[in-house]
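Undergrad: what shape does this take:
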Amino acid sequence: MAATHALVTGSIIALLTACVSVGPGAPMSTPAPAGEQSTASDAPWPVQTRYDVDLWLHGYAMLSDDTTHVPFFKRGYRDEMIAFKRRANVSTKLDANYQTLHDGLARHPGYISGQFLPLYFGSGTDVQQAVRLFLQANGDPRASNDPEQQSIIATFASVFPQPADRDWLRTFTAAIEDEDTQYYHSYWTAQQRDRAPVLARVDSLWTNVYRAKLQRFLDNEQMDRGILFLSLPLDGEGRTIAGNPNTERGNSRVTTTFPETPADALDVVYVFAHEVVGAMAGLAVRDNTTPAEKQQGLDARYTSPAAVRGGAMLLKRVAPDLVPGYARYYLASANTPLAGDDPEQALARAFPLPQPILDAIDRQLSVVLGGI
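TA: This next block holds a predicted model:
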C-alpha cells in the first residue's frame, strides 16, 4: 500500500499536552498532490496547501472546545462553518455524530495528538489507507509482518489504543469523509481561488526575504529542508513535524495559518518562527522546572508561553523588523488588547515565564545561531 512508504519506520507520536504544536518523528518529503497549490518544489522550503490536512484539521476544529490561551484554531471558525452549512442547507455525519465525537474528544485529551497524523503521509489517499490498515488490525502491530505497516499501526495505536478509541476514530473519519463529499471540498477550492493573491504574497516574502534570514537556524536545528503548508482552520498554534536526525534530512513539515488578505501575509512567518522554536522552548521548560513543579503541571502550563516568547526571541536575532508585528499577532491570537503599550512589553506580560526558562532559550539560540 502507498501509505507504508510515507511514514518513517519507528516514528511514534507521543501523547502531547494541549499547548504543544510540535510532533516528534518525520515523514518523507513529497510534493503537493495534483490540484493543490504549491510553489517551486525544488526550493528548500516551498509554500504549499494540502486539502486532506485542512479537512482533517477542520474536523477537529468543529469538535473542539478551544479554550487554550493561543487557540488551536481560528476564533469563530466553527461558528462560521456552521453558518455556511446552514446557508447551503447541508447536514452531514459530523452533525449527526457531533455529541458522541465532541464528548469523546473532551474525555480523552490524548486524541488531540491525532491532529498531526496527516502530516506523516504524502496524501489523503495514504491517510485513508493507513486508517483502514489500523482499524483492520484492531490496533495490533502484530497483525502485520511488514515492519512499515507495523510502524503505521503502532503510530495510530499510540493515540487510539483501546477499542473505544478506535470506534471514535472510525466515526470521525466517516464524518469528515461526508463533510468532504457534501460541501467541504467545494468550499476549500473556492477559498484557494480567493486566496491565491495571499499565497503569492506569502511566497514572495518567504522566498525572497525571510526564509534566508531563518535558514541558519533551520540548518543547525536539522530542519534545512521541508515544506511550509498554509492551513485554513489554523491560528497561532501551528502543527509541526521536525526532521529526524536519525534518518534522511529534508523532511520537516510546518503547518501555519492561511491569512485572508495579502496585507496579513507576514502572519505565516510569525507562526513559522513560533513553530520551529517550539522544540527548543519545550526543552528549556523541561530542564528548568522541578519535579514538584512538574507534578503541579507547571511545565505544561509554561509550554505555550515558552513557544510564543521563543519565537519573538528568535526573530529578534534574525529579523528584528518582525518582532512588533509578531507580538501584535500573538496578542490578538490570545485575545489580549494591546491598549497602546509597547508590543514586546505587552507580549511579556501576556505570556509570563520564569527567568531561568527565558535564559535557557536565549542561551540555546546563541549556540544554534553561532553568536548572531
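Undergrad: where does the chain dip in pLDDT?
TA: Residue ranges of the chain with pLDDT under 70: 1-41, 243-250, 371-372.
Undergrad: can you tell me the SS state at the spatially most distant residue from the centre of it?
TA: Ranked by distance from the centre of the chain (C-alpha atoms, centre = their mean), the top residue is residue 145, with 31.6 Å. Here residue 145 is recorded as coil under DSSP: H, G, I helix; E, B strand; the rest coil.
Undergrad: so who does residue 312 touch?
TA: With contact taken as C-beta atoms under 8 Å, 6 or more residues apart in numbering, residue 312 is in contact with 323, 326, 327, 330, 344, 347. Heads up, the C-betas are built off the backbone N, CA and C, glycines and all.
Undergrad: list the contacts for the last one?
TA: Counting by C-beta under 8 Å, 6+ apart, residue 347 touches 308, 309, 312, 327, 330, 331.
Undergrad: ok, the third one next?
TA: Residues counted as contacts of residue 327 (C-beta under 8 Å, 6+ apart) are 312, 343, 344, 346, 347.
Undergrad: give me the element it is part of.
TA: helix 323-333 (DSSP states H and E).
Undergrad: ok, now the last one?
TA: Residue 347 belongs to helix 343-350 when assigned by DSSP H and E.
Undergrad: now the angle from that helix to helix 323-333?
TA: Between the axes of helix 343-350 and helix 323-333, defined by axes from the mean of the first three to the mean of the last three C-alpha atoms, to 10 degrees, the angle is 40 degrees.
Undergrad: immediately after helix 343-350, which helix or strand?
TA: helix 355-369.
Undergrad: quick one: residues in contact with that next one.
TA: Taking C-beta under 8 Å, 6+ apart as the rule, helix 355-369 contacts 216-217, 220-221, 277, 280-281, 283-285, 287-289, 302, 306, 309-310, 313-314, 317-318.
Undergrad: show me the residues you listed that map onto helices.
TA: 216-217, 220, 280-281, 283-285, 287, 302, 306, 309-310, 313-314, 317-318 (DSSP state H).
Undergrad: any quick ChimeraX command for the buried ones out of those?
TA: This is how ChimeraX selects the buried members of the ones in helices among the contacts of helix 355-369, with burial counted by 16 or more other C-beta atoms under 10 Å:
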select :216,217,280,281,284,285,302,306,309,310,313,314,317,318
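Undergrad: count of neighbours near the nearest residue to residue 234 once chain neighbours are set aside?
TA: Distance criterion C-beta to C-beta, 6 or more residues apart in numbering; nearest residue to residue 234, sequence neighbours excluded, is residue 257 at 4.8 Å. By other C-beta atoms under 10 Å, 24 other residues sit near residue 257.
Undergrad: so residue 257 sits against residue 229, correct?
TA: No - judged on C-beta atoms under 8 Å, residue 257 makes no contact with residue 229 at a distance of 10.4 Å.
Undergrad: what count of nearby residues applies to residue 135?
TA: 17.
Undergrad: next, it: phi, psi?
TA: Backbone torsions of residue 135, given as degrees, to the nearest 10, read phi -70, psi -40.
Undergrad: might you report the residue contacts of it?
TA: Counted by C-beta under 8 Å, 6+ apart, residue 135 has contacts 166, 169, 170.
Undergrad: give the PyMOL command for selecting the buried subset of the residues you listed.
TA: A single PyMOL command suffices to select whichever of the contacts of residue 135 are buried according to 16+ other C-beta under 10 Å:
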select buried, resi 166+169
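Undergrad: reformat the contacts of residue 135 as JSON lines; add distance to residue 62 and secondary structure.
TA: Output for the contacts of residue 135, formatted as JSON lines (distance: C-beta to C-beta, whole Å; DSSP: H, G, I helix; E, B strand; the rest coil):
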{"residue": "166", "distance to residue 62": "21", "secondary structure": "helix"}
{"residue": "169", "distance to residue 62": "16", "secondary structure": "helix"}
{"residue": "170", "distance to residue 62": "17", "secondary structure": "helix"}
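Undergrad: ok, the contacts of residue 135 vs residue 202, which is closest?
TA: residue 169 (32.7 Å; C-beta to C-beta).
Undergrad: touching, that closest one and residue 160? I think so.
TA: Yes - using C-beta under 8 Å, residue 169 is in contact with residue 160, at 4.9 Å.
Undergrad: give the residues shared as contacts by these two.
TA: With C-beta under 8 Å, 6+ apart, residue 169 and residue 160 have common neighbours 114, 134.
Undergrad: hmm, back to that, can you tell me which of the contacts of residue 312 lies closest to residue 45?
TA: Of all the contacts of residue 312, residue 326 has the smallest distance to residue 45: 18.5 Å, by C-beta to C-beta.
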